[in-house]
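Colleague: build the 3D model from these lines:
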Amino acid sequence: MTDHDSPRQVITRYEAFPQDGKLHWLRWLDGVDVRGHGSGYPVIHAHLSPLANLPDGQHMPTLQEVAADTDLVACPVHVASLPDLLLGAVFKNGVQVNMLKMARRTFAFDRSTCYNKILQCNDDSPAPKPSWWKNVWSVLPARAYALGANRKSFCLVLGEHTRQLILPASEVFRTFCAPESRLAEVLLSGPWKDVCNLIRPVAKVAIYFRAGARGLRRHSGSLVQVRPA
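Modeller: Numbers count the residues shown, from 1 in each chain. Below is the predicted model:
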């Protein structure tokens, strides 16, 4: 197969990300601006933190090792980028080069005792406060996962007793509502009353909270697609 016939790999470069030759990891996504600060298109803000400049982006640290770092920079990107922006992704000069190391875990909750709530990161946690903790016991403690000015970001909180699973709202939205770029662009281009007519349901489906959270109530949802012009 000649070079001409070879499939080309598409590389996305985010010009708004730091272009300093250093590594930065994607910590959070929040802050949709449909006006885009004069850019002419709706944006969502990607919040990145710097990493030690590791050779060739290898030997990635774990998420736990860098979660409490407080340096943060907000970078506006087109809302259509949301499906491709995974928390923990590592970038160099705006190009993704790696992912932080993350542990894979399975959660199983009892339906009769499990709770699920949409809360802000700085809200009081529904989980019991440990006796040794003297400060406010929030959903996502700042000392555990620094968010800068994004403490009012929303999360889906699932749990029972002392076990708790926290899902950032951007991850829930990306997974269930906007798994591809065109849907993200339409759904985040304006208020719901203005964009709801731009999509149509194509099939009824059963939506589960996957992530190993068995026993949760099954929710009915719709697969949607953008209406043809």
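
Colleague: please report the distance of the residue lying closest to Leu187 once chain neighbours are set aside from His45.
Modeller: Spatial nearest neighbour of Leu187, chain neighbours left out: Ala178 (5.6 Å); criterion: CB to CB, 6 or more residues apart in numbering. In this view, the C-beta of every residue, glycine as well, is placed from N, C-alpha and C. Between Ala178 and His45 the computed distance is 16 Å (CB to CB, to the nearest Å).

Colleague: okay, those two: which has more neighbours?
Modeller: Remark: of Ala178 and His45, Ala178 carries more neighbours, 21 against 17, as counted by other CB atoms under 10 Å.

Colleague: the more buried one against Pro83, yeah?
Modeller: Yes. Counting by CB atoms under 8 Å, Ala178 touches Pro83, with 6.1 Å between them.

Colleague: got any residues that touch both of these two?
Modeller: Listed as contacting both Ala178 and Pro83 by CB atoms under 8 Å, 6 or more residues apart in numbering are Ala184.

Colleague: give the contact list for Ser138.
Modeller: Cys121, Asn122, Asp123, Asp124, Ser125.

Colleague: which one (most neighbours) among these?
Modeller: Ranked by the number of neighbours (other CB under 10 Å), these place Cys121 first, at 24 neighbours.

Colleague: for the longest strand that the chain contains, the distance to its chain's centre please.
Modeller: In the chain, taking DSSP state E as the definition, the longest strand is strand 23-33. Its chain's C-alpha centre and that of strand 23-33 lie 8 Å apart, by CA atoms, centre = their mean, to the nearest Å.

Colleague: which residues touch the next helix or strand after that strand?
Modeller: Remark: after strand 23-33, the chain's next helix or strand is strand 43-50, criterion DSSP states H and E. By CB under 8 Å, 6+ apart, the surrounding residues in contact with strand 43-50 are 14, 16-18, 22-33, 36-37, 66, 69, 71-79, 81-82, 85, 91, 146-148, 150, 170, 188.

Colleague: relative to strand 43-50, what are the paired strands and their orientations?
Modeller: strand 23-33 (antiparallel), strand 73-78 (antiparallel) (DSSP bridges).

Colleague: of all these, which one comes closest to Asn98?
Modeller: Asn98 lies closest, by CB to CB, to one member of the strands paired with strand 43-50: strand 23-33, at 8.0 Å.

Colleague: so for that closest one, what gets flagged as buried?
Modeller: By neighbour count on 16 or more other CB atoms under 10 Å, the buried set for strand 23-33 is Leu23, His24, Trp25, Leu26, Arg27, Trp28, Leu29, Asp30, Gly31, Val32.

Colleague: okay, stretch 43-52 in PDB with CA atoms only?
Modeller: What follows is stretch 43-52 as a C-alpha-only set of coordinates in PDB (Å, rounded to 0.1, in the frame of the first residue of the first chain):
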ATOM      1  CA  VAL A  43     -17.300  27.300  23.800                       C
ATOM      2  CA  ILE A  44     -16.800  25.200  26.900                       C
ATOM      3  CA  HIS A  45     -13.900  25.800  29.200                       C
ATOM      4  CA  ALA A  46     -11.300  23.000  29.600                       C
ATOM      5  CA  HIS A  47      -9.300  23.400  32.900                       C
ATOM      6  CA  LEU A  48      -5.800  22.100  32.700                       C
ATOM      7  CA  SER A  49      -3.000  21.600  35.200                       C
ATOM      8  CA  PRO A  50       0.700  21.400  34.500                       C
ATOM      9  CA  LEU A  51       2.700  18.100  34.800                       C
ATOM     10  CA  ALA A  52       6.400  17.600  35.300                       C
END
